[in-house]
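>>> no sequence for this one, just the structure:
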């Protein structure tokens, strides 16, 4: 498939007729170039990049999906919602949607070249609970890593809850890492416990996930660096669970002001 076909599938919400990974010689580097070509098409039609999502940072779920390392994709103005209370979200146009509880960061500046954890901490403005609504255009969520990258990093939408100043939560990178690493996230469906996840599962902590992502982003030919005002969501603390209309989902993190509820409709 070419970039126009990939975007057409994204817009239609239909499954691909064939995996891009089935093409001889197609690898994850090819997939990032296709994803960047789709990005250019979305820019041309008036969409605005608002940051990035990092996927497959939770090592505990790698064997379930046959993907054994993190990926990333673009978050858009059309795929980003901020809310301070329970949010109602339509699943229309999303292909095989699933939900992931995550911690989202907002950047106040571009991190320095060769940024350390301390440099990344200094570049952060706020953090918040988030739900990423992910999707797969491969039937039954069966894919290779290259398919997930070409599929926009599986990103469909990002719902961001109440923001908290990073500086008010932790006074240093090491303090923030330690806080996130020992934290938990409890996920509920209609008040029924689904799973308890751990920040340590996310590449040891979401702050370490940011560090890994920044290096990968800057090594990718044609990619755009993090900008002031960008959001980055750092990956799920639990498995990704299928969602359907009529259900409400809630995440509760053992962090300051960190809970979020979403109700799904058609």
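On my side now, so go ahead. Quick caveat, the model's predicted, so the values are computed rather than measured.

>>> drop to CA atoms for contacts and neighbour counts, all remaining ones
Noted.

>>> any chance you could map the strands in the stretch 151-266 of the chain?
Secondary structure of the stretch 151-266 of the chain by DSSP state E, counting those that start in this stretch: the strands cover 155-160, 164-165, 184-189, 192-198, 231-233, 241-242, 248-253, 259-265.

>>> could the ones you listed go into CSV alongside mean neighbour count and mean pLDDT?
Listed next are the strands of the stretch 151-266 of the chain as CSV, based on neighbours: other Cα atoms under 10 Å; pLDDT from 0 to 100:
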stretch, mean neighbour count, mean pLDDT
strand 155-160, 26, 98
strand 164-165, 16, 96
strand 184-189, 21, 98
strand 192-198, 16, 98
strand 231-233, 28, 98
strand 241-242, 14, 98
strand 248-253, 22, 97
strand 259-265, 20, 96
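
>>> Redo the ones you listed as a markdown table? Include distance to residue 68.
Shown next, in a markdown table, are these (distance: least, Cα to Cα, whole Å):
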| stretch | distance to residue 68 |
| --- | --- |
| strand 155-160 | 18 |
| strand 164-165 | 32 |
| strand 184-189 | 22 |
| strand 192-198 | 18 |
| strand 231-233 | 19 |
| strand 241-242 | 19 |
| strand 248-253 | 25 |
| strand 259-265 | 29 |
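
>>> For residue 26, list the residues it contacts.
If you count contacts by Cα atoms under 8 Å, 6 or more residues apart in numbering, residue 26 has them with 20, 146.

>>> swap in residue 16?
Residue 16 sits next to 9, 137-139 when contact means Cα under 8 Å, 6+ apart.

>>> ok, back up a step: let me know which of the strands of the stretch 151-266 of the chain is the nearest to residue 54.
Closest approach to residue 54 among the strands of the stretch 151-266 of the chain (Cα to Cα): strand 231-233, 6.1 Å.

>>> how about the helices in the chain?
With DSSP state H as the definition, the chain shows helices at residue ranges 3-12, 28-44, 62-65, 117-123, 145-150, 166-169, 173-182, 206-219.

>>> Go through these and pick out the most buried.
Each of the helices of the chain was scored by mean neighbour count; the highest is helix 145-150, a mean of 26, by mean count of other Cα atoms under 10 Å.

>>> tell me what it is packed against?
When contacts are defined as 3 or more Cα pairs under 8 Å, 6 or more residues apart in numbering; DSSP states H and E, helix 145-150 sits against helix 28-44, strand 71-76.

>>> and the residue nearest to residue 130 when sequence neighbours are not counted, bridged to which residues?
Of all residues not flanking residue 130 in the chain, residue 160 sits nearest, at 4.4 Å (Cα to Cα, 6 or more residues apart in numbering). Here residue 160 sits in beta bridges with residue 82, residue 130, as judged by DSSP bridges.
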